[in-house]
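Enquirer: Compute the structure for the input listed below.
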Amino acid sequence: MGDASSGNRQSRKMIWRKHAVCLPVSPRMLTSPASPCPWKKLLSASSHSTGNPMFSRTIAIARKEVRELLRDPIYLGLAFVVPITLMLLLGYGLSMDVKHLPIVFVDQDRTPISRGYIDGYIHSEYFDLVGVTSEPRSAELLLRRGTARTIIEIPPDFSRKLLAGEQVALGVTVDGSFPTRGSVAVGYVSAVNAAYNQQLITDFLAARGLRDTTIVPVQMALSVWYNPSLESKNFIVP
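Expert: Numbers count the residues shown, from 1 in each chain. As a prediction, the model looks like this:
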């Protein structure tokens with residue numbers, strides 16, 4: 001009986017050794033070349049099979065997010081409703097257009113020609129007339145208070161020089177405390193002045209035989225207050 005039981009135990013040990021799973025007992029066994037277990041080969045094979053780990057993580061996160069969206073319809077609705085709502089609010093509620101700039105004129109000529117020049121700004125949607133004065137100090141006071149953003153000064157000999165075919169310079173003062181608005185104001189004034197020059201060349205100079213259309217009858221002497229360079233950093237940085 002003793003020999004039979006010992007034989008059975010030995011046979012069971014051999015069977016267990018044959019089918020046993022080789023488990024590593026220390027991390028050194030993972031990389032030890034003498035280890036009888038093929039862990040190193042298994043790990044290297046698994047690392048090559050996964051490909052790019054970053055791509056795998058991205059795919060896993062994408063699958064997770066898709067499952068979250070499909071699991072909760074509220075998230076799916078927010079994914080479409082929020083961007084569309086922001087687009088509509090920013091598109092129609094927040095206007096970046098600069099219009100209705102308050103402007104004041106210093107008309108020292110007081111003639112129909114000078115009033116015709118002023119009408120070019122009044123009939124534009126980009127300017128709102130604050131007033132017409134003959135005193136430069138009154139206009140400057142309005143600019144300091146913020147009531148006006150642009151001053152155009154018409155000299156006393158405005159109409160006389162134009163009728164004589166001579167060039168005349170206007171004084172243009174712009175509030176540059178807000179650079180974007182100041183730059184746009186300069187552009188609007190230049191556009192209205194260019195349109196008036198074109199009309200003046202057609203109606204007055206060409207009718208009087210002055211064919212030199214390369215001259216600019218009405219020129220502008222620009223002056224920018226508070227931020228002469230119209231740089232954004234002067235507006236943002238204290």
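Enquirer: contacting residues around L162?
Expert: For L162, the set of contacting residues under the criterion of CB atoms under 8 Å, 6 or more residues apart in numbering consists of 113, 168, 200, 204, 217-218. Bear in mind the C-beta positions are built from the backbone N, C-alpha and C, glycine included.
Enquirer: least confident pick among those residues?
Expert: Of all the contacts of L162, the one the model is least sure of by pLDDT is F204, with 69.
Enquirer: Pop the domain breakdown of the chain in here.
Expert: 1-50, 52-95, 101-236 (automatic domain parsing).
Enquirer: which residues of the protein fall in helices?
Expert: If you assign secondary structure with DSSP state H, the helices in the chain sit at 2-19, 28-31, 39-50, 53-71, 73-88, 112-122, 136-145, 158-163, 179-200, 232-236.
Enquirer: Let's test this: mean pLDDT of the last one, rounded?
Expert: Put plainly, it is helix 232-236. 66.
Enquirer: swap in the second one?
Expert: Averaged across helix 28-31, pLDDT comes to 48.
Enquirer: sorry, back to before: please spell out the PyMOL selection for the buried subset of the contacts of L162.
Expert: The PyMOL selection below is limited to those of the contacts of L162 classed as buried (16 or more other CB atoms under 10 Å):
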select buried, resi 168+200+217+218
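Enquirer: Reformat the contacts of L162 as CSV; add distance to E135.
Expert: Rendered in CSV, the data for the contacts of L162 read as follows (distance: CB to CB, whole Å):
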residue, distance to E135
I113, 21
V168, 20
L200, 27
F204, 29
P217, 26
V218, 22
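Enquirer: Could you identify the pair within the contacts of L162 that is furthest apart?
Expert: Across the contacts of L162, the longest distance by CB to CB is 12.3 Å; it joins V168 and F204.
Enquirer: got any ranges where the protein has weak pLDDT?
Expert: Counting by pLDDT under 70, the chain contains low-confidence residues at 1-51, 95-96, 204-214, 233-238.
Enquirer: Could you report the separation of R63 from A164?
Expert: For R63, the distance to A164 (CB to CB, to the nearest Å) stands at 82 Å.
Enquirer: same deal with T202?
Expert: For T202, the distance to A164 under the criterion CB to CB works out to 18 Å.
Enquirer: Report how many residues lie close to R110.
Expert: Around R110 there are 13 other residues, counting by other CB atoms under 10 Å.
Enquirer: Right, I'll call it a day here.
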